[in-house]
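K.L.:
need a structure here:
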Amino acid sequence: MTLLLLEALGAGLILVGIIWWTMFSGRKHGELAERDASDSSQEVSDKNSL
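P.N.:
Alright, predicted model coming up:
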């Protein structure tokens, strides 16, 4: 019974470790800043004119 509890604890720790690693291993300065909607619509119209 103790072995089952240790295995469950180990699996839970591995799961939490994987989640922690994926959450905080991204960009050093956070997410990229979002551009304004007007900027993206300007780019689309520029591509359509080509």
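
K.L.:
Kindly list the longest helix within this structure.
P.N.:
Taking DSSP state H as the criterion, the chain has its longest helix at helix 2-24.

K.L.:
okay, now Ile19: neighbour count?
P.N.:
By other Cβ atoms under 10 Å, the residues close to Ile19 number 10. C-betas here are computed from N, CA, C, even on glycine.

K.L.:
what does Glu7 give?
P.N.:
10.

K.L.:
Next one: it from Phe24, what distance?
P.N.:
26 Å (Cβ to Cβ, to the nearest Å).

K.L.:
and what of Leu15?
P.N.:
Remark: distance between Leu15 and Phe24 (Cβ to Cβ) = 15 Å.

K.L.:
Same question for Leu13.
P.N.:
Taking Cβ to Cβ, one finds Leu13 at 16 Å from Phe24.

K.L.:
quick one: which of these two has more around it?
P.N.:
Leu13 (10 against 7).

K.L.:
pLDDT score for the more buried one?
P.N.:
Note for Leu13: predicted pLDDT of 98.

K.L.:
which ones are touching it?
P.N.:
Contacts for Leu13 (Cβ atoms under 8 Å, 6 or more residues apart in numbering) come out as none.

K.L.:
Going forward, count from 8.
P.N.:
Got it, first residue is 8 now, which makes that one Leu20.

K.L.:
before we move on, what SS does Gly33 have?
P.N.:
What DSSP: H, G, I helix; E, B strand; the rest coil gives for Gly33 is coil.

K.L.:
now do Arg42
P.N.:
coil.

K.L.:
burial count for it?
P.N.:
So Arg42, with other Cβ under 10 Å, has 10 neighbours.

K.L.:
Return the residues in contact with it.
P.N.:
Arg42 touches nothing, counting by Cβ under 8 Å, 6+ apart.
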